[in-house]
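*Asks:* Structural data only, the sequence is not supplied:
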């Protein structure tokens, strides 16, 4: 798959949203933990049931390698099982890559994740941008030759992100300088949708940042991160889209996957709560962004 397929799935469902599954035991309903007997088995069931429930509503899903890894070897085995299951259900599948700080590690990671015999098959990876070009370049042959996508993190949604990412670097903010750098690598991977398979992850909490990114980089696909952060909202996210409602997707995590907790439920209705939360997100996003 590629970002073209992601865009088509968004258009088909008229829903520019993505759900992140990075389950921690506290967000898994108690009855599932009790019935399955182990955190990893409960995580597998939780993910499978959510993916099955949301497949006709949400076009894309994102998994966090670290969250599964923290469950130990059994957690990584669950990730091996869940990634192909998500693709079988029709989702565009994105994976948060393990952190890489050297070109050798990046090259190894790219081959292990994007290679034919990958244990973690996915359509795209979220990678760091701030380690520089030699940690980005190893992914580019896979972007070019295998139609894989990368989303480089330029602006995160956490409250303290501006302390570093919004500092001035000459006449630019640091995260805009990072996006300038990432933008250099996407010119030869623009697909039919008009967007490059080299995209960026930016904060759903900063309307001004998204507006600047969209205006300055018309070919960069934007993953608007942190929709469920307190200072993020659908109106902010609308700044990431072009005039046709294309070129971006907004990602939410526990506000959907653990909506049962926000509703102060006992978890027995967690699928209904997740569906209702996903429908609210779609309604809010499309209030400000018409997907044509």
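*Replies:* Happy to help now that I have it. Only a predicted model underlies this, so the values are computations on that prediction, with no experimental measurement involved.
*Asks:* neighbours of the residue nearest to residue 276 when sequence neighbours are not counted, just the number please.
*Replies:* Leaving aside its chain neighbours, residue 276 sits nearest to residue 259 (6.9 Å; criterion: C-beta to C-beta, 6 or more residues apart in numbering). Just so you know, the C-beta spots here come from the backbone N, C-alpha and C atoms, and that holds for glycine as well. Residue 259 is flanked by 24 other residues according to other C-beta atoms under 10 Å.
*Asks:* Residue 224 too?
*Replies:* Neighbours of residue 224 (other C-beta under 10 Å): 34.
*Asks:* Residue 170 too?
*Replies:* That count, for residue 170 with other C-beta under 10 Å as the rule, works out to 6.
*Asks:* Just give the nearest non-adjacent residue to it, would you?
*Replies:* Spatial nearest neighbour of residue 170, chain neighbours left out: residue 177 (7.9 Å); criterion: C-beta to C-beta, 6+ apart.
*Asks:* The one you found belongs to a helix?
*Replies:* Yes - per DSSP: H, G, I helix; E, B strand; the rest coil, residue 177 lies within a helix segment.
*Asks:* how much space is there between it and residue 220?
*Replies:* 14 Å (C-beta to C-beta, to the nearest Å).
*Asks:* same check, this time on residue 245
*Replies:* 16 Å.
*Asks:* Could you check which of these two is surrounded by more residues?
*Replies:* residue 220 (25 against 19).
*Asks:* Surely the more buried one is in contact with residue 197?
*Replies:* No - between residue 220 and residue 197 there is no contact under C-beta atoms under 8 Å: 10.4 Å.
*Asks:* what's the overlap in contacts for these two?
*Replies:* Residues touching both residue 220 and residue 197 by C-beta atoms under 8 Å, 6 or more residues apart in numbering: residue 186.
*Asks:* what's the offset of the lowest-mean-pLDDT helix or strand in the chain from the middle of its chain?
*Replies:* Least confident helix or strand, the chain: strand 168-169 with a mean of 92, by mean pLDDT, DSSP states H and E. Relative to its parent chain, strand 168-169 has a centroid offset of 27 Å by C-alpha atoms, centre = their mean, to the nearest Å.
*Asks:* and if you look at stretch 270-277?
*Replies:* That offset, for stretch 270-277, works out to 20 Å (C-alpha atoms, centre = their mean).
*Asks:* buried set for that stretch?
*Replies:* For stretch 270-277, a neighbour-count test (16 or more other C-beta atoms under 10 Å) marks 270-271, 273-275, 277 as buried.
*Asks:* Kindly report the same for stretch 243-258.
*Replies:* By neighbour count on 16+ other C-beta under 10 Å, the buried set for stretch 243-258 is 245-258.
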